[in-house]
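> Need a 3D model of the sequence below.
(2 chains)
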Amino acid sequence: MISFEQITKTLGGKTVLDDVSFEVPRGETVVIVGLSGAGKSVTLKHMVQLFSPDCGTVRIGEDVISAAKGAELERMRQRFGVLFQGAALLQWLTVFENVALPLREKTDLSEEEIEKTVLDKLRLLNMEDAVDKFPADLSGGMQKRVGLARAIVMNPEIILYDEPTSGLDPVTARLIDQLIENLRSELGITSVVVTHDLHSALAIGTRIMMIDGGKIVENATPHDFIHSENETVQRFLESQYITRRGSWEKGMQTHG
Amino acid sequence: MFENLKNLNGYMDMPRRSFRRFGRIILLSCHGAGDALMMLGSSVLYIRTAFRPRARHEVAVQLFITGIKSLGVITVVAFFTGMILALQTGLELRRFGQEVNIGTAVTIVMIREMGPFMTGLIIAASVGSAIAAQLGTMTVSEEIAALEVMSINPNRFLVMPRLVALAVMMPILTIYTNLLGIVGGGIVGATQLGVAMQAYIDNATRYAENKDLYVGLFKAVVFGIIIATVACHQGLTTREGAVGVGRATRRTVIISFLMILVVGYMITRMFYI
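A predicted model of the protein is given here:
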């Protein structure tokens, strides 16, 4: 579905991605983990051409998005929904208007159809009571849920999540995890999630990929990931108190 | 969309040698100017969408912010500009017994130069800086990126309404500034210099030509386009969080002021020499 072919990207004189290649198969949830500044968000942004690679190719199916321009790029981007780290809601629009924005701008739906679709998505995230509020009146967790409603309102094939659970209370974080998992299992949506939260990653990911120093150091199923012999991976697992035996299995039971 | 410029800024760590440093500043400035002109061109092409219902609402909001919300400060500045002009010219003309001619002096100076110039400075400082701060905040909080991912072009959605509002409102506000300045001059003439209001008005309307008004209004439109372009471009290329937003705001005011001065002179020279 998404393939990175030998992507290199340098920002401010520093090589952020160094000859990175990987694939995200259709209908899977790939979670990208790594330390701060490892290149996770830059990787995510290459998928929608918010960054262009210095060399290499990013493909979405058969389309080469890294070289697309104008109307072609717009068409490719419409296959995506993106949840940004800070939700990125427009502050002067209400919750309803924020979620309705892509429908109003990119479709010919009537106001009645838009209202129904928006309320359906907000209901899915328990945010139907906040339709008339402005983003500034919402907590961080509520803003993220509205951001997620906006990301899924166009029924995209692929959803990108940049730190979807950071700064959220554990209950809301698990709600978001559950929703990401439901979108994959029920609708077959392909997802790429960037997160520091390994418990969340192990619960929702069908594959987990770790980036360190601009290179992929591991790309495996959750089971293989926690059994990885790679030292960087092991240190990362230990930093979140996840061992090969014990806490992850407990964590998975808790996550359901 | 603005990634190239951001990357270029990132690469261009300023060298210590002053000559090379100067060269790179010139290079960056040219790159920024080209980028801003590309943004302006793209936004101008989107003006045809300004009358669609949803865009119309945003244009109306920007017209309100630019026009109505600036009236207070413009009223005070315009009034006192006319009063100062009348007082200064009147005191000199009195030495020759020609203080009755302050009407001509104030009117011509206001409609040719001071009206568009003062309005431009006020709008650059108030509306331009606010636009840069808003778009800069949207850039650093990834709202612009969110729009791009939703295939909503920021030039159409954000820049075009502000460009239209400033290009439309600047000449209207300039007419308002001119009128208030002339009235202010008349009051000073009547109360401080002993020039009857009727004589002031007769004098004011006798020598001013339509060309003076048209050139002044042309300047106002150009200044509006300059302020919108500089403010939107600075906002959309903001980097480095809150510090970057502050920098974008400051740059907007400085660049707009300088461009208003230089372009104002060039237009005057083009039409009067």
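> What ranges in the chain fall below the confidence cut-off?
Assuming you mean chain A. A:243-256 (pLDDT under 70).
> my bad, chain B
If you take pLDDT under 70 as the line, chain B has these spans: B:1-16.
> Apart from its chain neighbours, what residue comes closest to the residue nearest to the spatial centre of it?
When C-alpha atoms, centre = their mean is applied to chain B, the residue found nearest the centroid is residue B:120 (3.4 Å). Take residue B:120 and drop its neighbours on the chain: the residue closest to it by C-beta to C-beta, 6 or more residues apart in numbering or on different chains is residue B:223, 3.8 Å away. C-beta here means a position set from N, CA and C on the backbone, and glycine is covered the same way.
> Next: residue A:140.
residue A:167 (4.9 Å).
> Now do the same contact list for that neighbour.
Applying C-beta atoms under 8 Å, 6 or more residues apart in numbering or on different chains, we find residue A:167 in contact with A:140-141, A:144.
> swap in residue A:10?
Contacts of residue A:10 by C-beta under 8 Å, 6+ apart are A:16, A:54.
> Report the distance from the helix or strand where it lies to the chain centre.
Assessed by DSSP states H and E, residue A:10 sits inside strand A:2-11. Here strand A:2-11 is found 18 Å from its chain centre; the criterion is C-alpha atoms, centre = their mean, to the nearest Å.
> follow-up on the earlier one: which one (most neighbours) among the contacts of residue A:167?
In terms of neighbours by other C-beta atoms under 10 Å in any protein chain shown, the contacts of residue A:167 top out with residue A:144 at 28 neighbours.
> List the residues that contact it.
Applying C-beta under 8 Å, 6+ apart, we find residue A:144 in contact with A:83, A:87, A:164, A:167-168, A:172, A:176.
> hang on, the earlier thing: direction included, what does the strand holding residue A:10 pair against?
Next to strand A:2-11 in the sheet, as set by DSSP bridges, lie strand A:14-24 (antiparallel), strand A:55-60 (antiparallel).
> Just send those strands back as JSON lines, with mean neighbour count too.
Shown next, in JSON lines, are those (neighbours: other C-beta atoms under 10 Å in any protein chain shown):
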{"stretch": "strand A:14-24", "mean neighbour count": "18"}
{"stretch": "strand A:55-60", "mean neighbour count": "18"}
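> Number of residues surrounding the residue in the stretch 151-273 of chain B positioned nearest to chain A?
The minimum distance from the stretch 151-273 of chain B to chain A, using C-beta to the nearest C-beta, falls at residue B:151 (4.0 Å). Taking other C-beta under 10 Å as the criterion, the count of residues near residue B:151 is 19.
> Just say helix, strand or coil for it.
When classified by DSSP: H, G, I helix; E, B strand; the rest coil, residue B:151 comes out as coil.
> Ramachandran angles for it?
Backbone dihedrals for residue B:151, given as degrees, to the nearest 10, come out at phi 60, psi 30.
> residues contacting it?
By C-beta under 8 Å, 6+ apart, the contact set of residue B:151 is A:73-75, A:77-78, A:105-106.
> Let's have these in TSV, adding distance to chain B, secondary structure and neighbour count.
Putting the contacts of residue B:151 into TSV (distance: C-beta to the nearest C-beta, whole Å; DSSP: H, G, I helix; E, B strand; the rest coil; neighbours: other C-beta atoms under 10 Å in any protein chain shown) gives the following:
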residue	distance to chain B	secondary structure	neighbour count
A:73	8	helix	18
A:74	4	helix	16
A:75	8	helix	12
A:77	5	helix	23
A:78	6	coil	16
A:105	5	helix	15
A:106	6	helix	14
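> Check the residues you listed and tell me the two furthest apart.
Maximum pairwise distance among those (C-beta to C-beta): 15.7 Å, between A:73 and A:105.
> what ranges do the helices span in the chain?
No chain specified, so I'll use chain A. Ranges of helices in chain A, per DSSP state H, are A:40-47, A:70-77, A:95-106, A:111-124, A:140-152, A:170-187, A:198-204, A:222-226, A:231-239, A:247-255.
> my bad, chain B
B:3-11, B:18-45, B:53-67, B:71-94, B:102-109, B:115-123, B:129-140, B:143-149, B:154, B:160-192, B:197-207, B:210-236, B:241-272.
> for the strand holding residue A:10, which positions count as buried?
A:2-5, A:7, A:9-11 (16 or more other C-beta atoms under 10 Å in any protein chain shown).
> Dump the residues you listed into TSV; add distance to residue B:81 as well.
Converted to TSV, the buried residues of strand A:2-11 look like this (distance: C-beta to C-beta, whole Å):
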residue	distance to residue B:81
A:2	60
A:3	64
A:4	61
A:5	63
A:7	58
A:9	53
A:10	52
A:11	48
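> from the residues you listed, which is closest to residue A:234?
residue A:4 (24.8 Å).
> gap between that closest one and residue A:209?
For residue A:4, the distance to residue A:209 equals 10 Å [C-beta to C-beta, to the nearest Å].
> how about the residues of chain A near chain B?
Residues of chain A found near chain B (C-beta under 8 Å from any C-beta of the partner chain) are A:11-13, A:45, A:48, A:50-52, A:73-75, A:77-78, A:80, A:82, A:84-86, A:88-91, A:101-102, A:104-106.
> Emit the ChimeraX select command for whichever of the residues you listed are buried.
Buried residues within those, by 16+ other C-beta under 10 Å, are selected in ChimeraX with:
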select /A:11,45,48,50,51,52,73,74,77,78,80,82,84,85,86,88,89,90,101,102,104
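> so what's residue B:146 up against?
A:82, A:84, A:88-90.
> Now the buried members of the contacts of residue A:144.
By 16+ other C-beta under 10 Å, those give A:83, A:87, A:164, A:168, A:172, A:176 as buried.
> residue contacts, the first one?
By C-beta under 8 Å, 6+ apart, the contact set of residue A:83 is A:144, A:147-148, A:151, A:159-162, A:164.
> again, but for the second one
With contact taken as C-beta under 8 Å, 6+ apart, residue A:87 is in contact with A:135, A:140, A:143-144, A:146-147.
> likewise the fourth one?
Listed by C-beta under 8 Å, 6+ apart, the contact partners of residue A:168 are A:140-141, A:144, A:176.
> and what of the third one?
Residue A:164 makes contact with A:83, A:144, A:148, A:176, A:180, A:193, A:195, according to C-beta under 8 Å, 6+ apart.
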